[in-house]
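>>> sharing a model prediction with you, sequence too.
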Amino acid sequence: AEEVVKPKKPRNSFFYFRREYHKQTNANGARAKAKNISNAAGKTWKEMTEEEKAPYKKYAAEDTLRYKSEMK
């Protein structure tokens, strides 16, 4: 029997923000633990305006479209 390969589930907007936040944190030379970066990113995300979150929401919407098209 062949194994069915399902597409990766779409990622949410916070995922895209956190990935960028992690890159920026490491680029500044601060090699923090992933848990600490995630906690700081979460706090920052909660304080951001909808306008600041918009680019990340766009990435998430595009990923959702990708997922839906791959599920067909």
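Nice, I can see it.
>>> use CA for all of it now, contacts and neighbours both
Will do.
>>> stretch 4-15: which residues count as buried?
Of all the residues in stretch 4-15, those buried under the rule 16 or more other C-alpha atoms under 10 Å are 10-15.
>>> residues making contact with the lengthiest helix in the chain?
Taking DSSP state H as the criterion, the chain has its longest helix at helix 50-71. Outside of helix 50-71, the residues within contact range by C-alpha atoms under 8 Å, 6 or more residues apart in numbering are 6-14, 16-17, 45.
>>> cool, stretch 27-46 as well?
Contacts with stretch 27-46, where a contact means C-alpha under 8 Å, 6+ apart, come from 14, 17-18, 21-22, 25-26, 53.
>>> how about the residues you listed in CSV, adding distance to Ala32 and pLDDT?
Listed next are these as CSV, based on distance: C-alpha to C-alpha, whole Å; pLDDT from 0 to 100:
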residue, distance to Ala32, pLDDT
Phe14, 19, 98
Phe17, 17, 97
Arg18, 14, 95
Tyr21, 12, 94
His22, 9, 90
Thr25, 8, 85
Asn26, 7, 82
Lys53, 24, 98
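>>> among the residues you listed, which pair sits farthest apart?
Spanning the widest gap among the contacts of stretch 27-46 are Asn26 and Lys53, at 21.1 Å by C-alpha to C-alpha.
>>> where does Ala32 fall, phi/psi-wise?
phi -80, psi 160 (degrees, to the nearest 10).
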